[in-house]
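Chemist: Following is a predicted model, sequence given first.
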Amino acid sequence: MVAKKMSGEKREKFVELAERRTVNAIRAIRVLAKLGNRSAYDFDDSDVKKITSALSREVENLKAKMSATGGKNLVEFKLEDSKLPRNHGKSLSSLQKSE
């Protein structure tokens, strides 16, 4: 009986926090959407894609963490970062030797 009461308390706390945090997230997205006013802001399609990709990635992370299998072992992978110079065909070992 005590375990059930504790479980009920955990459920109540989860519902309370999940509802509040979800409302906050939706509000934050709606505020972000206000940046779509082209008469007030200058942006292009690549900016929109970056924002929506970042949000989609976080929603996928949320799903993974809350799924039955967990999601603690997520790995981020980037084949190429546009901020870093390309190695122009050099191998990793030749790059390391030149350092």
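Modeler: Alright, I've got the coordinates.
Chemist: Now do the helices in the chain.
Modeler: 2-33, 45-66, 92-97 (DSSP state H).
Chemist: and of those helices, who's closest to residue 39?
Modeler: Ranking those by their distance to residue 39 (criterion: C-beta to C-beta) puts helix 2-33 first, at 14.9 Å. Any C-beta I mention is one placed from the backbone N, CA and C, and that applies to glycine too.
Chemist: by contact count, what packs against the closest one?
Modeler: Secondary-structure packing of helix 2-33 (3 or more C-beta pairs under 8 Å, 6 or more residues apart in numbering; DSSP states H and E): no helix or strand packs against it.
Chemist: ok, back up a step: among the helices of the chain, which one carries the weakest average confidence?
Modeler: Ranked on mean pLDDT, the bottom entry among the helices of the chain is helix 92-97, at a mean of 44.
Chemist: circling back to that earlier point, dump the helices of the chain into CSV; add mean neighbour count as well.
Modeler: Supplementary listing: the helices of the chain in CSV, determined by neighbours: other C-beta atoms under 10 Å:
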stretch, mean neighbour count
helix 2-33, 10
helix 45-66, 11
helix 92-97, 9
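Chemist: Could you dump those helices into CSV with distance to residue 39 added?
Modeler: What follows is those, written out as CSV (distance: least, C-beta to C-beta, whole Å):
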stretch, distance to residue 39
helix 2-33, 15
helix 45-66, 16
helix 92-97, 47
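Chemist: Angles on the backbone of residue 42, please.
Modeler: Here the main-chain torsion angles of residue 42 (degrees, to the nearest 10) amount to phi -110, psi 120.
Chemist: That one: how many residues sit nearby?
Modeler: With neighbours defined by other C-beta atoms under 10 Å, the count for residue 42 comes to 6.
Chemist: separation between it and residue 36?
Modeler: To residue 36, residue 42 is 12 Å away according to C-beta to C-beta, to the nearest Å.
Chemist: what does residue 52 give?
Modeler: The separation that residue 52 has from residue 36, given C-beta to C-beta, amounts to 11 Å.
Chemist: Likewise for residue 45?
Modeler: Where residue 36 is concerned, residue 45 sits at a distance of 12 Å (C-beta to C-beta).
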